[in-house]
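>>> Have a look at this prediction, sequence included:
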Amino acid sequence: MADLLIENARIVDGTGAPWFRGSVAVEGDRITDVVREKDPGIAAETVVDADGRVVSPGFIDTHSHSDMELFADATLAPKLRQGITTEILGQDGFSMAPM
């Protein structure tokens, strides 16, 4: 059982393919399924009808300069609100590690 199911969404998956109507299931803090079927067949504690709104599960920021920001806000909330779920740090030969 998923914690959250967002259904009836226009899903943009970041591959460059056209959007498709479907559902996104989340367990804890992880996306567990992206389903194209109208009825995803997934039980969830909370079900949200996206009503055709765009859902973009999990963008990757491959060139970030958020290294120092992590010390102020470990969740990087502004990035999450933009749909970024993975971030590559230490760009341009600069990194906070092993500091």
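Sure thing, it's come through.

>>> Residues in contact with the longest strand along the chain: which ones?
Criterion DSSP state E: the longest strand present in the chain is strand 2-11. The contact list for strand 2-11 (Cβ atoms under 8 Å, 6 or more residues apart in numbering) reads 19-28, 32-34, 40, 42-57. C-beta coordinates here come from the backbone N, C-alpha and C atoms, glycine included.

>>> measure the residue nearest in space to the middle of the chain to I31 for me?
Taking Cα atoms, centre = their mean, the centroid of the chain lies closest to G58, which sits 2.9 Å from it. Noted for G58: a distance of 6 Å to I31, by Cβ to Cβ, to the nearest Å.

>>> what's the overlap in contacts for these two?
Overlap of the contact sets of G58 and I31 (by Cβ under 8 Å, 6+ apart) consists of T85.

>>> quick revisit: pull the CA coordinates from the longest strand of the chain and hand them back as PDB.
The C-alpha trace of strand 2-11 is given here as PDB (Å, rounded to 0.1, in the frame of the first residue of the first chain):
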ATOM      1  CA  ALA A   2       1.300   3.400  -0.900                       C
ATOM      2  CA  ASP A   3       1.200   6.400   1.400                       C
ATOM      3  CA  LEU A   4       0.100   8.800  -1.400                       C
ATOM      4  CA  LEU A   5      -1.400   8.200  -4.800                       C
ATOM      5  CA  ILE A   6      -1.700  11.200  -7.200                       C
ATOM      6  CA  GLU A   7      -4.100  10.100 -10.000                       C
ATOM      7  CA  ASN A   8      -5.600  11.700 -13.100                       C
ATOM      8  CA  ALA A   9      -2.400  13.700 -13.700                       C
ATOM      9  CA  ARG A  10      -0.700  14.900 -16.800                       C
ATOM     10  CA  ILE A  11       2.700  13.400 -16.200                       C
END
